[in-house]
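**Student:** Give me a 3D structure for the following:
(2 chains)
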Amino acid sequence: MPMAAEDIESAILAALPGARVEITDLAGDGDHYAAVVTAPQFAGLPRVKQHQLVYNALGGRMGGALHALKLTTKIA
Amino acid sequence: MTVHDRIATLVNSNDIVLFMKGTPFFPQCGFSSTAIAILERLNVPFESVDVLADPEIRQGIKEYSDWPTIPQLYVKGEFVGGSDIMMEMFQAGELEQMIAEAGIARSAA
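**Tutor:** Now for the predicted structure:
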């Protein structure tokens, strides 16, 4: 069950207010995405923690409904 | 032995462990393939665990690391990240540095 790009973006924005989210549908199949997330909340956190914030925002769908999300995080 | 104990034993008894889909010769997913390519470029010995062959580990590692996807890299018992983080760290030279600082020797050429 794929997940729409807008749903990914809104889930991330809900958990990380003020973030900037750029999503690319890599394969055009609504199932393989790349996301660049730029957020002030990442400041001072190691990369693992930054990615965990984004995965937690997706609330369990990562690895399930959302098969592939190539994630890049940047500090705003 | 619980799955938690099995994973703890794996990551603490090997300097570098990659939990992946498939094997280093036949990765079954592009992300696992990327992770293998990075480890091969670094030329370090590592242990790999095929989660497709072990459903208990496949589920258990997600909880152990609080990380939803495979592959997952461990160095000296510490969770480093998935393939995106491995690639960022590799390109920045940080992965090589981490391995050197951990005192892990390169594979013989």
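**Student:** How about the residues of chain B by chain A?
**Tutor:** B:30-31, B:62, B:66-70, B:79-82, B:84-85, B:88-89 (C-beta under 8 Å from any C-beta of the partner chain). Every residue, glycine included, has its C-beta placed from N, CA and C.
**Student:** Mean pLDDT per helix and strand in chain A: which one sits at the bottom?
**Tutor:** Taking mean pLDDT, DSSP states H and E as the measure, chain A has strand A:68-75 as its least confident helix or strand, at a mean of 91.
**Student:** what's near enough to touch A:Leu16?
**Tutor:** A:Leu16 is in contact with A:37, A:39, A:41, A:53-54, A:57, counting by C-beta atoms under 8 Å, 6 or more residues apart in numbering or on different chains.
**Student:** From the rest of the structure, what touches stretch B:5-25?
**Tutor:** Contacting residues not belonging to stretch B:5-25 are listed as B:1, B:27-29, B:32, B:35-36, B:39-40, B:44-52, B:56-57, B:60-61, B:64, B:70-77, B:99, B:102, B:104 [C-beta under 8 Å, 6+ apart].
**Student:** Report the buried members of the contacts of A:Leu16.
**Tutor:** The neighbour-count test (16 or more other C-beta atoms under 10 Å in any protein chain shown) applied to those identifies A:37, A:39, A:41, A:53-54, A:57 as buried.
**Student:** Need the per-residue pLDDT for residue 46.
**Tutor:** Unless you meant another one, I'm taking chain A. The model reports A:Pro46 with a pLDDT of 92.
**Student:** that answer is for a different chain, and I need it for chain B
**Tutor:** B:Phe46 carries a pLDDT value of 97.
**Student:** what's the answer for A:Ala76, then?
**Tutor:** pLDDT, read off for A:Ala76, is 89.
**Student:** Quick check: closest non-adjacent residue to the spatially most central residue of chain A.
**Tutor:** A centroid search over chain A (C-alpha atoms, centre = their mean) returns A:Val54, at 5.0 Å, as the residue closest to the centre. Using C-beta to C-beta, 6 or more residues apart in numbering or on different chains and skipping residues adjacent in sequence, the residue nearest A:Val54 is A:Val37, 5.6 Å away.
**Student:** State the three-state secondary structure for the one you found.
**Tutor:** strand (DSSP: H, G, I helix; E, B strand; the rest coil).
**Student:** now the residues of chain B next to chain A: which count as buried?
**Tutor:** When burial is judged by neighbour count using 16+ other C-beta under 10 Å, the buried members of these are B:31, B:62, B:67-70, B:79-82, B:84-85, B:88-89.
**Student:** just checking, which of those residues belong to helices?
**Tutor:** Using DSSP state H, B:31, B:62, B:84-85, B:88-89 are the members of those that sit in helices.
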